[in-house]
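# How does the following fold in three dimensions:
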Amino acid sequence: MIRAEHESATRRLALIGAAILAAAALALGAAVAGPADAATAAVSAGKPDKPGKPPGGGGGGSGGGSTELEYAAVGDSFAAGVGARSYLDTTCYRSSLSYPKLLDADANLRLTAFLACTGASTAIVISSQVPTIPTTAKRVTLTAVGNDVGFASIMQNCFVIVVSSSCQSSLANAETLVANGTVAANVAATVQAIRARAPEAKVVVTGYPLLFNEPSRYQWAARANVDTAALNDAVAAAAAANGAVFVDVEPAFAGHGIGSQSPWINDWSWLRTTDGFHPNATGYAAYATEIRKVIG
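I've put the predicted structure just below:
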């Protein structure tokens, strides 16, 4: 009888453990690996009429005669604004506080295509987002490739429910994809596709912030930061080689990672699973500030 009760209790614990792992996978998946086909479902892009300006993006303001540049934003969850909240949809989790929306508020830009979507890889950007970019676009921003290297798996295995062997395997896979040129090739292909779709557009490619302030309570934080820096280097080289402008956000976010006194990155929380490991509203404002320096 005692043995049977013990075996029953063991089975219950195993089931509970499996349920927790499944919940973690689903929660993190919703945040960083949303449905691929959702990338085609663009929300309303720019404001139809900005204050002080006539409809259609014409000139206005004290200088007169200025024209807003038609702008499209493509990419993954970091381009969509995941983590900033104030979401405009629940498929791609595009935010009104994302950097594309903040740039749309500027006098010189009109966001006409907000196509970025959580979970999008560069392959999805090419197949589902680029074909919807207006051919007349003059500016296109791109933040992608994080999902190419398994961002969701790394976060889940290294920082949500830590499984050391799976974490190391996920990190090693990402490091291989950077080292063997896959990341650079994917970025190059994406930039080329954008340029083919919108030949007159200036393409601005952004990197990613280092997520963790060091020293960190997370065992794998330092390695994840090193890998992110290497990823950014590969993205920067590929962007430059293909006629795009790279925006490095690492310096702007320095001292504002998870675990800092003033974090611009959301830590993991079971109460806000969508936001974990993504910038908050202040972080996306920093993105916008850095992009403004080069977007023209």
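# Looks like Thr190 contacts Leu142 (just checking).
Yes: between Thr190 and Leu142 there is a contact under CB atoms under 8 Å: 6.4 Å. Glycine gets a C-beta too; all of them are placed from N, C-alpha and C.
# Can you get me a residue count around Ser86?
12 (other CB atoms under 10 Å).
# Not counting sequence-adjacent ones, nearest residue to it?
Of all residues not flanking Ser86 in the chain, Ser96 sits nearest, at 4.6 Å (CB to CB, 6 or more residues apart in numbering).
# and if you look at Thr190?
Thr122 (4.6 Å).
# Mutual contacts of Thr190 and Leu142, please.
Common neighbours of Thr190 and Leu142, counting by CB atoms under 8 Å, 6 or more residues apart in numbering, are Val125.
# residue contacts, Ala196?
Applying CB under 8 Å, 6+ apart, no residues qualify as near Ala196.
# so which helix or strand takes in it?
helix 182-197 (DSSP states H and E).
# Show me which residues of that helix are buried.
182-184, 186-195, 197 (16 or more other CB atoms under 10 Å).
# for stretch 145-161, same thing?
The neighbour-count check on stretch 145-161 (16+ other CB under 10 Å) flags 145-160 as buried.
# need the contact list for Thr182.
When contacts are counted by CB under 8 Å, 6+ apart, Thr182 touches Asp148, Thr176.
# let's see it at 10 Å
Thr122, Val145, Asp148, Val149, Thr176, Ala234 (CB atoms under 10 Å, 6 or more residues apart in numbering).
# sorry, back to before: pretty sure the residue nearest to Thr190 is touching Gln192, no?
No: under the criterion of CB atoms under 10 Å, Thr122 is not in contact with Gln192, lying 11.1 Å apart.
# ok, back up a step: now the helix holding Ala196, how far from the centre of its chain.
Centre-to-centre, helix 182-197 and its host chain are 17 Å apart (CA atoms, centre = their mean, to the nearest Å).
# list the helices and strands the following helix or strand past it packs on?
Per DSSP H and E, the first helix or strand lying C-terminal to helix 182-197 is strand 202-206. Packing partners of strand 202-206 (3 or more CB pairs under 10 Å, 6 or more residues apart in numbering; DSSP states H and E): strand 69-75, strand 139-143, helix 182-197, helix 221-241, strand 245-247, helix 281-295.
# and of these, who's closest to Val130?
helix 182-197 (4.8 Å; CB to CB).
# For the residue nearest the centre of the chain, give its distance to Leu210.
Central residue of the chain (CA atoms, centre = their mean): Phe78, 1.9 Å from the mean position. Noted for Phe78: a distance of 13 Å to Leu210, by CB to CB, to the nearest Å.
# what do those two both touch?
Val249.
# Mind jotting down where the helices sit in the stretch 1-150 of the chain?
In the stretch 1-150 of the chain, helices defined by DSSP state H, counting those that start in this stretch lie at 2-32, 77-80, 99-104, 122-124, listed in chain order.
# By mean pLDDT, show me the worst of those helices.
Lowest mean pLDDT within those: helix 2-32, a mean of 44.
# wouldn't Thr136 be in contact with Arg110 here?
No: using CB under 10 Å, Thr136 is not in contact with Arg110; the gap is 11.4 Å.
# who has more neighbours, these two?
Arg110 (23 against 12).
# thinking the more buried one is in contact with Ala73, fair?
No: assessed by CB under 10 Å, Arg110 is found out of contact with Ala73, at 11.6 Å.
# nearest residue to Asp104 other than its sequence neighbours?
Nearest to Asp104 is Leu111, by CB to CB, 6+ apart, at 3.6 Å.
# Does the one you found touch Ser96 like I think?
No: using CB under 10 Å as the test, Leu111 is too far from Ser96 to be in contact (11.2 Å).
# Settle it for me: which of the two has more neighbours?
Taking neighbours as other CB under 10 Å, Leu111 and Ser96 compare with Leu111 leading, 24 against 15.
# still on that earlier bit, what residues are up against the closest residue in space to the residue nearest to the centre of the chain that isn't next to it in sequence?
Residue nearest to Phe78 in three dimensions, not counting chain neighbours: Thr143, with 4.6 Å by CB to CB, 6+ apart. The contact partners of Thr143, by CB under 10 Å, 6+ apart, come to 73-80, 99-100, 116, 120, 125, 204-208, 235, 247, 249, 287, 291.
# Can you select the buried ones from the residues you listed in ChimeraX?
A single ChimeraX command is used to select the members of those judged buried by 16+ other CB under 10 Å:
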select :73,74,75,76,77,78,79,80,99,100,116,120,125,204,205,206,207,208,235,247,249,287,291
